[in-house]
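In: Everything below, folded, please.
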Amino acid sequence: MNKFAKGCWTGLMLGIAAGIILNVTGFLTINFSVIRDLVGL
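Out: This next block holds a predicted model:
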């Protein structure tokens, strides 16, 4: 695999990983606020 293809592949993997992390963080944040609201009731 040449350097260009390797760089593109690495960038793609990092992008996917960052997207997953952001999704999980957002999901947990939303759930936390919902749980906090339910407990507040």
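
In: Can you show me the strands along the chain?
Out: For the chain, none of the segments meets the definition of strands by DSSP state E.

In: So, low pLDDT: which residues of it?
Out: 1, 41 (pLDDT under 70).

In: Which stretches in it count as helices?
Out: If DSSP state H is used as the criterion, the helices of the chain fall at 3-40.

In: Next, count neighbours for S33.
Out: 10 (other CB atoms under 10 Å). Every residue, glycine included, has its C-beta placed from N, CA and C.

In: I meant A17, not that one.
Out: 10.

In: Likewise for R36?
Out: As a measure of burial, R36 has 9 neighbours, counting by other CB under 10 Å.

In: State the distance from it to I30.
Out: Counting by CB to CB, to the nearest Å, the separation of R36 from I30 is 11 Å.

In: Any idea how far stretch 17-36 is from the middle of the chain?
Out: Relative to the centre of its chain, stretch 17-36 is centred 8 Å away, using CA atoms, centre = their mean, to the nearest Å.

In: So what touches it?
Out: Applying CB atoms under 8 Å, 6 or more residues apart in numbering, the set of residues contacting stretch 17-36 from outside is empty.

In: Can you show me the CA trace of it as PDB?
Out: Taking C-alpha atoms only, stretch 17-36 is exported to PDB below (Å, rounded to 0.1, in the frame of the first residue of the first chain):
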ATOM      1  CA  ALA A  17     -13.600   6.500  15.600                       C
ATOM      2  CA  ALA A  18     -14.200  10.200  16.300                       C
ATOM      3  CA  GLY A  19     -17.800   9.900  15.000                       C
ATOM      4  CA  ILE A  20     -18.400   6.800  17.300                       C
ATOM      5  CA  ILE A  21     -17.000   8.600  20.300                       C
ATOM      6  CA  LEU A  22     -19.100  11.700  19.600                       C
ATOM      7  CA  ASN A  23     -22.200   9.600  19.200                       C
ATOM      8  CA  VAL A  24     -21.600   7.700  22.400                       C
ATOM      9  CA  THR A  25     -20.900  10.900  24.300                       C
ATOM     10  CA  GLY A  26     -24.000  12.600  23.000                       C
ATOM     11  CA  PHE A  27     -26.100   9.600  23.700                       C
ATOM     12  CA  LEU A  28     -24.800   9.400  27.300                       C
ATOM     13  CA  THR A  29     -25.300  13.100  27.800                       C
ATOM     14  CA  ILE A  30     -28.900  13.000  26.500                       C
ATOM     15  CA  ASN A  31     -29.700   9.900  28.600                       C
ATOM     16  CA  PHE A  32     -28.100  11.600  31.700                       C
ATOM     17  CA  SER A  33     -30.300  14.700  31.300                       C
ATOM     18  CA  VAL A  34     -33.400  12.500  30.800                       C
ATOM     19  CA  ILE A  35     -32.600  10.400  33.800                       C
ATOM     20  CA  ARG A  36     -32.000  13.500  35.900                       C
END
